[in-house]
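sequence isn't available, so here's the structure alone:
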C-alpha cells in the first residue's frame, strides 16, 4: 500500500513547478529563560533534504531530548517548497548568556551553516512559585513593526497573547477600522515563543498578523482590539470534550507618525516605497534588424502588487523600437513575515540598426531603510544585432504580425498554452486506477494486520484515548465497589499506558523521568508534566496509606482532566 501511495504521489508531483531557494537557519522559542526552564532550539533546512547534519556543541546547556525531526511539503501556485527541521529541548542549570554556535549540513557537496543564537538565562527566585501565582494569568497586546513610516510603506501589526496558562480558543469581537491604511491580513504560520516579564515567564502566541500601508501623512491612530480568550475549565468533568471559561481582553492602542516623502529626483522615478529587486532576461543574444526580440522584466518588492508599474525603458534603447509592455504574470507571497509582490512584464523590441548593445535597465524607488531614493539595475546581457536581408525600410507591421501569430520558439514558455491534462484519456485512465485500488488497499491492510506486519505503534497511538477511557470507566466502577487496590491499579495503568502508547515508549524505558522528558519535548508545559508525575506518585502512596478511600474521587477527577489535556496536546 505504501508503494502504491508513493507512486501516486510521485505522479502528481511531476506536474509541479520548481523549488524555491535553499535556506538553513536556527530559531528558538525563547531568548530569555529562568534556570531549570526548558526551551527549544530548531535547525531548519528549506527546499532541500540535505545530509550529514552536524549539530553544534551545546556546551553547558543540557540536552533533554533531540534531535527530533519533522518535514513539511507545500505547493502554492505550482511552486513546491519544503522544510525539514531538527529540534532539541535544552535546559540551563546556571544563569548567564549562552551562545549556540551554528549547525552544519551538506547540500550538493556544499556545506551550509546556520546562524548563531544567544540565550539569556536568569536565576529563578525560588521563593515565588509560578504554579501557585494567583496574579494575572494572561494579557493581550498589539505590536507594530515601526511607529514612524512613509506613505505606502509596509508595516506589520501583530496581535499577541502572553499567557502562563493553557489557551483553548480565542475570538476577535471587534478591532480597529484601520482608517488611513490599506489593511491586508497575512496567512502566516503562527509560532510561539517564551518571554520573561519581570519575574514571570509567559508563552507568547501570535493570534493575527496584518500588513498595513499608510495612505496619508500625519499621526494615525489604531484603536484597541477586543478579544475573547477561552481557558480550559479545571472543574469540567468531561474527559474528551472539556468545557472552557471565556474572558474578554482589550489590547493597547497604537499610533503611527507618517512622514511625507521627499520630492522625486525626476518624473521617471516610480512611486514604490520599501525594498525592491529587479531582473531582466532576453531569449536571444544574436538577432538581425528583421527580427523582434522579446524582453522580460521581473520586479519583486514589499507591499501590494497593484502599485508596481512597468518601467519605462525607451530612454535606454535609443536604437530600438520599444512596444508597450504586456503583464505576463503577477502574484503576492509572504516571506519572513512580510507581504511581497511580483510582476513580470514582457516588452517587444525591434532593432533599427546593426551593432553591439550592452543592456542595462534602471529602476528607482524610495528605500525606507536609508530614507532616500535609490536606483537599482537589471543586466540582461549583450545583444549583437546584424543587418537583415531586407535593405532600406522594413515593414514593421509584418514583423509584429509574425511574432503575434507565431511566437519565437525560444520564448515558448511565455506564450504557448499547455494542452490541458483534465478530461484526456490518460487522466480518466489514472483516475480509474486510483478508485479501483481503494478497496485493494483496505484488503491489503487487513492482510498486514493478520500477518503482524503493520506498524503496531501507529495502531497504539490511535487507540490510546479509547483504552484510557475504558480503564477510567473500570476505575470508576471499582471506586463504587470500594476496591481501592483495583482502583489505583487501573488509574496507574490509564496514566502510564496512555502516554506509552501515544509516545511509543517501550515498557523497559517506561519510567517517570523518561516520560517527563518526552512530554516536555512535545510542548507539554512543565506544570502539567509535574502534575502527571505527582498523580503517579499519589497512586503508589495511596496503596500503602491508612485510609486510601478518602482520596479516590479527587484522584479520579484529576486523572480525567489531565488525560483530556494530554490528548489535545500530543
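Everything's here; your move. The model shown is predicted, which means the values in this text are computed figures rather than measured ones.

strands along the stretch 101-250 of the chain, start to end?
Under the criterion DSSP state E, counting those that start in this stretch, the stretch 101-250 of the chain contains strands at 104-107, 110-113, 117-122, 138-144, 148-149, 155-163, 169-174, 181-185, 192-197, 200-214, 218-222, 226-232, 244-250.

now do the longest one against strand 192-197, angle only.
Interaxial angle of strand 200-214 relative to strand 192-197 (axes from the mean of the first three to the mean of the last three C-alpha atoms, to 10 degrees): 110 degrees.

can you give me the angle strand 200-214 makes with strand 218-222?
130 degrees.

packing partners of strand 200-214?
In terms of contacts (3 or more C-beta pairs under 8 Å, 6 or more residues apart in numbering; DSSP states H and E), strand 200-214 is packed against strand 155-163, strand 169-174, strand 181-185, strand 192-197, strand 254-258. Heads up, the C-betas are built off the backbone N, CA and C, glycines and all.

okay, these, which one's buried deepest?
Highest mean neighbour count of the helices and strands packed on strand 200-214: strand 155-163, a mean of 20 (counted as mean count of other C-beta atoms under 10 Å).

that one: how far from the chain's middle?
Its chain's C-alpha centre and that of strand 155-163 lie 16 Å apart, by C-alpha atoms, centre = their mean, to the nearest Å.

and it, which strands flank it?
strand 138-144 (antiparallel), strand 200-214 (antiparallel) (DSSP bridges).

buried set for the shortest one?
Using 16 or more other C-beta atoms under 10 Å as the burial criterion, the residues of strand 138-144 that qualify are 138-140, 142, 144.

which of the residues you listed sits closest to residue 439?
Each of the buried residues of strand 138-144 was checked against residue 439 using C-beta to C-beta; the closest is residue 138, at 50.1 Å.

which residues does that closest one contact?
161-165, 167, 202, 229, 231, 249 (C-beta atoms under 8 Å, 6 or more residues apart in numbering).

residue 309: which of the residues you listed is nearest?
Using C-beta to C-beta, the contacts of residue 138 come closest to residue 309 at residue 161, 40.3 Å.

and that closest one, what does it touch?
138-141, 167, 170, 204-205, 207, 227, 229, 249.

pipe the residues you listed into a markdown table and attach distance to residue 63 and pLDDT per row.
As requested, the contacts of residue 161 are exported to a markdown table (distance: C-beta to C-beta, whole Å; pLDDT from 0 to 100):
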| residue | distance to residue 63 | pLDDT |
| --- | --- | --- |
| 138 | 30 | 86 |
| 139 | 33 | 89 |
| 140 | 34 | 89 |
| 141 | 33 | 90 |
| 167 | 28 | 82 |
| 170 | 34 | 87 |
| 204 | 24 | 89 |
| 205 | 26 | 89 |
| 207 | 32 | 90 |
| 227 | 37 | 88 |
| 229 | 34 | 86 |
| 249 | 37 | 84 |
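
hmm, back to that, quick one, which of the helices and strands packed on strand 200-214 gets closest to residue 319.
Judging those by C-beta to C-beta, what sits closest to residue 319 is strand 181-185, at 41.3 Å.

if we can go back for a sec, now distance to residue 149 too, for the helices and strands packed on strand 200-214, in CSV please.
Output for the helices and strands packed on strand 200-214, formatted as CSV (distance: least, C-beta to C-beta, whole Å):
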stretch, distance to residue 149
strand 155-163, 6
strand 169-174, 24
strand 181-185, 10
strand 192-197, 25
strand 254-258, 5
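
out of these, which comes closest to residue 377?
strand 155-163 (28.3 Å).

got the angle for the closest one vs strand 254-258?
Using the same axes, to 10 degrees: strand 155-163 against strand 254-258 is 160 degrees.

just the buried residues of the helix or strand harbouring residue 362, please?
Taking DSSP states H and E as the criterion, residue 362 maps to strand 355-367. Within strand 355-367, the residues that count as buried by 16+ other C-beta under 10 Å are 357, 359, 361, 363-367.
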